[in-house]
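**Student:** sharing a model that was predicted from the sequence below.
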Amino acid sequence: MELVPFLVLLAAFVMALGVFSRHRERDRAMRFRLEMQNRMLDRLTTNPELLQYLNTPDGKKLLEAATTDPVNPKARVVQGIQIGVVILILSGTIFGVRPFVDEGKAQDLMVAGTAVGGVAIAFLVGAAVSYYLTQAFGLDKR
C-alpha cells in the first residue's frame, strides 16, 4: 500500500510533463505562424497593396488563420479518449493488486480503484460528448 502514493505521484508527474510538452509545441507552432504572417504583412507597404492581397485566396486564408483557433477538434477528442483509457488501465491495475494485500488494505484499494475508474469514465464520456458536438456543429470538416 505504500507504493500506491508513489505511483499516483509518478502518474501525475508524467501527465504534467505531457501537458507541458504539448503546450510548448503548440506555443512554438503559434509563434512560427505569427512570425510568417508578420513577415508577409511587412512586405506589403501600402494600404491598397494590403487590400489587394487580402482579396486573393491566399490573403483570405491568412485572414481566416488569424481569426480562427488552430486547435484540431478531432485531436482533442482523441486526446480525451487516450487519457480516459490510460486512467482506466490504472484503475484496473489498482483492482488487480487487491488479492495480494491484506483485507484492510484491499478495501482501501477498492475505494481508490473505484474513484480512479470514475475519473476514467468521466474522460471517456467527455470525449464522446465532444465528438458528438464536433459532428453537430460541423467542426470535423476542416
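**Tutor:** Arrived safely.

**Student:** how about residues contacting the least confident helix or strand in the chain by mean pLDDT?
**Tutor:** Counting by mean pLDDT, DSSP states H and E, the chain has its least confident helix or strand at helix 57-67, which shows a mean of 75. By Cβ atoms under 8 Å, 6 or more residues apart in numbering, the list of residues contacting helix 57-67 from outside reads 33, 37, 40, 53-54. For the C-beta atoms, the positions are set from N, CA and C on the backbone; glycine is no exception.

**Student:** go through the next helix or strand after it and flag the buried ones.
**Tutor:** Note on helix 57-67: by DSSP states H and E, the next helix or strand toward the C-terminus is helix 73-96. For helix 73-96, burial by neighbour count (16 or more other Cβ atoms under 10 Å) applies to 73, 77, 79-81, 83-84, 86-88, 90-91, 94-95.

**Student:** measure the residue nearest to residue 76 when sequence neighbours are not counted to residue 85 for me?
**Tutor:** Computed as Cβ to Cβ, 6 or more residues apart in numbering, the closest residue to residue 76 that is not its neighbour in sequence is residue 130, at 6.3 Å. Per Cβ to Cβ, to the nearest Å, residue 130 is found 15 Å from residue 85.

**Student:** same question for residue 125.
**Tutor:** In this view, residue 125 and residue 85 are 13 Å apart by Cβ to Cβ.

**Student:** how about the strands in this structure?
**Tutor:** Counting by DSSP state E, the chain forms no strands at all.

**Student:** how is it carved up into domains?
**Tutor:** Following the assignment in automatic domain parsing, the chain carries domains at 11-70, 71-142.
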